[in-house]
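>>> how does the following fold in three dimensions:
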Amino acid sequence: MIIGDMEPEDDEQAAIHHSKPRYEQGVVRTDAEEIVNDPLHLIYRQSDKPASTSKVTGNSAVDTEKLMRERSIRTNRRTKFMNCITRDDVDIAQLRKLAWNGVPGDFRPLVWPLLLGYLPLPKPTRASTLARKRREYASLVETTFARGRDGLDQQIWHQIEIDVPRTRPGVRLWMQASTQRSLERILYVWAIRHPASGYVQGINDLATPFYQVFLSAYIDTDPEDFDTALLPDSVRTAVEADTFWCLSRLLDGIQDNYIAGQPGIHRSVKRMAELVARIDAPLAAHLETENVEFMQFAFRWMNCLLMREISVQNTIRMWDTYLAEGTDAFSQFHLYVCSAFLVKWSKKLREMDFQGIIMFLQSLPTQGWTDHEIEMLLSEAFVHYSTWHNAQSHFIGK
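Okay, the predicted model is just below:
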């Protein structure tokens, strides 16, 4: 598998993002209803746009040539995606290969559900399947909340009520009452449908990338600055239902992380410690000397899929690759990503004592990370995966 170039913003999207005042000009797209009924409208809308004629500028002939080459790469990749997902029957192997290196942002609301199997690959059945799943979710919500709050499992509902306002603190989207109500419904309906685990803290974080990706299909601003109270009911319910079903499919692959005792997480953390000992023995030895246990920091990395360590934008780019690998990547490949993530800080960590290590790992300096840093991390993880995955039987406790 070849790790490709990052997917930069196209010129038109970049101009929108940087020229509009944030939040105040958040607008629902005029074709939102068409997208609700047929997600392929997203792609047709892009193909109907005239080709960008903005001038390529640079400080030198070398810069200009580089910019033109990058634009050509972007255009070529977008064309490949468009040709793939507009076929009557999507070639999932081709789509996975393309998505591994990143999905154009405006295509994600269609590509992610295809990769997850939420949307069927044959085009003719797609719209009817989507409508049926959204009706099914609406029915689940109506039945679940039919008796109001008194009819709910109070212990589960209480924990959700505590966690939802803590989701993405300081981000306008997640401070809106309408968004919080949607997240409460998503989490509670999922919890009662999965009694073996119920609701576990951290699942709230995992819903946010899906919600933001699906919301982005219907608006002309950064989803994190948008007030979902502005959405028509049909759009809001579509975003909520699609988030629920895609979150459900992700969690199906990692449910061992959330059942009693969370054995999946304990198993992954143990394997991570064994893997790090193989790829960076000096770091592993230093952590052991300082009495640092992997469970003290890696539990959260597994439970929240690194979402407390990197931004949602970083997470979304990372999930392009995870979804391309298949849903088991959220447990299998994620183990190698976490190991590469730890080893990235090896030099600094080996100069710290116990307290310094724990404090550093609880507040890692990733605030300025872009797609480039995520893609470098994914590349390192893939190297480790290629080297060690087939040797897992040699891991202690396999």
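>>> burial count for Asp88?
Look at Asp88: counted by other C-beta atoms under 10 Å, it has 8 neighbours. C-beta: built from backbone N, CA, C; applies to glycine.
>>> next up, the contacts around it.
122-124 (C-beta atoms under 8 Å, 6 or more residues apart in numbering).
>>> I'd like these laid out as JSON lines, including neighbour count, secondary structure and pLDDT.
Putting the contacts of Asp88 into JSON lines (neighbours: other C-beta atoms under 10 Å; DSSP: H, G, I helix; E, B strand; the rest coil; pLDDT from 0 to 100) gives the following:
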{"residue": "Pro122", "neighbour count": "12", "secondary structure": "strand", "pLDDT": "96"}
{"residue": "Lys123", "neighbour count": "16", "secondary structure": "helix", "pLDDT": "94"}
{"residue": "Pro124", "neighbour count": "9", "secondary structure": "helix", "pLDDT": "93"}
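>>> okay if I get those residues as JSON lines plus distance to Gly261?
As requested, the contacts of Asp88 are exported to JSON lines (distance: C-beta to C-beta, whole Å):
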{"residue": "Pro122", "distance to Gly261": "41"}
{"residue": "Lys123", "distance to Gly261": "44"}
{"residue": "Pro124", "distance to Gly261": "45"}
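>>> so what touches stretch 133-142?
For stretch 133-142, the external contacting residues (C-beta under 8 Å, 6+ apart) are 118, 185, 189, 193, 237-238, 240-242, 244-245.
>>> out of the residues you listed, which are buried?
118, 185, 189, 237-238, 240-242, 244-245 (16 or more other C-beta atoms under 10 Å).
>>> which of those sit farthest apart?
Tyr118 and Arg185 (18.0 Å; C-beta to C-beta).
>>> chain neighbours aside, what residue packs nearest to the residue most central in space within the chain?
The C-alpha lying nearest the average C-alpha coordinate of the chain belongs to Ile316 (C-alpha atoms, centre = their mean; 3.6 Å). Distance criterion C-beta to C-beta, 6 or more residues apart in numbering; nearest residue to Ile316, sequence neighbours excluded, is Pro209 at 5.0 Å.
>>> show me the contacts for Leu121.
89-90, 92, 114.
>>> what pLDDT does it get?
At Leu121, the pLDDT value in this model is 97.
>>> and if you look at Ser346?
98.
>>> from memory the residue nearest to the centre of the chain sits against Val111, does it?
No. With contacts counted by C-beta atoms under 8 Å, Ile316 stays clear of Val111, the gap being 11.6 Å.
>>> what's the next secondary structure element after the helix or strand containing Lys133?
For Lys133, the host element (DSSP states H and E) is helix 126-144. Following helix 126-144 in sequence order, the next helix or strand is helix 154-163 (DSSP H and E).
>>> tell me the buried residues in stretch 348-368?
349-350, 352, 357, 361, 364, 366.
>>> Throw those into TSV and include secondary structure and pLDDT, thanks.
Compiled in TSV, these are given as follows (DSSP: H, G, I helix; E, B strand; the rest coil; pLDDT from 0 to 100):
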residue	secondary structure	pLDDT
Leu349	helix	98
Arg350	coil	98
Met352	coil	98
Ile357	helix	98
Leu361	helix	97
Leu364	coil	97
Thr366	coil	97
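>>> show me the shaky parts of the stretch 251-398 of the chain.
391-398 (pLDDT under 70).
>>> for it, which segments count as strands?
Taking DSSP state E, counting those that start in this stretch as the criterion, the stretch 251-398 of the chain contains no strands.
>>> can you show me the helices along it?
263-279, 281-289, 295-303, 312-325, 332-344, 346-349, 354-362, 371-388 (DSSP state H, counting those that start in this stretch).
>>> now for the spatially closest residue to Gln212 that is not a sequence neighbour: which residues touch it?
Excluding the flanking residues, the one nearest Gln212 by C-beta to C-beta, 6+ apart is Pro223, at 4.4 Å. By C-beta under 8 Å, 6+ apart, the contact set of Pro223 is 173, 211-212, 215-216.
>>> so which elements touch the lengthiest helix in the chain?
Determined from DSSP state H, the single longest helix within the chain is helix 61-85. Packing partners of helix 61-85 (3 or more C-beta pairs under 8 Å, 6 or more residues apart in numbering; DSSP states H and E): helix 41-48, helix 92-100, helix 108-116.
>>> Arg249: which of those helices is closest?
Using C-beta to C-beta, the helices and strands packed on helix 61-85 put helix 108-116 closest to Arg249, at 4.7 Å.
>>> list the helices and strands that closest one packs on?
Helix 108-116 packs on helix 41-48, helix 61-85, helix 92-100, helix 203-216, helix 233-252, helix 312-325, going by 3+ C-beta pairs under 8 Å, 6+ apart.
>>> about what we covered before: redo the contacts of stretch 133-142 as JSON lines? Include pLDDT and distance to Pro282.
What follows is the contacts of stretch 133-142, written out as JSON lines (pLDDT from 0 to 100; distance: C-beta to C-beta, whole Å):
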{"residue": "Tyr118", "pLDDT": "97", "distance to Pro282": "44"}
{"residue": "Arg185", "pLDDT": "98", "distance to Pro282": "49"}
{"residue": "Val189", "pLDDT": "98", "distance to Pro282": "48"}
{"residue": "Arg193", "pLDDT": "96", "distance to Pro282": "46"}
{"residue": "Thr237", "pLDDT": "97", "distance to Pro282": "54"}
{"residue": "Ala238", "pLDDT": "98", "distance to Pro282": "51"}
{"residue": "Glu240", "pLDDT": "98", "distance to Pro282": "48"}
{"residue": "Ala241", "pLDDT": "98", "distance to Pro282": "50"}
{"residue": "Asp242", "pLDDT": "98", "distance to Pro282": "46"}
{"residue": "Phe244", "pLDDT": "98", "distance to Pro282": "45"}
{"residue": "Trp245", "pLDDT": "98", "distance to Pro282": "45"}
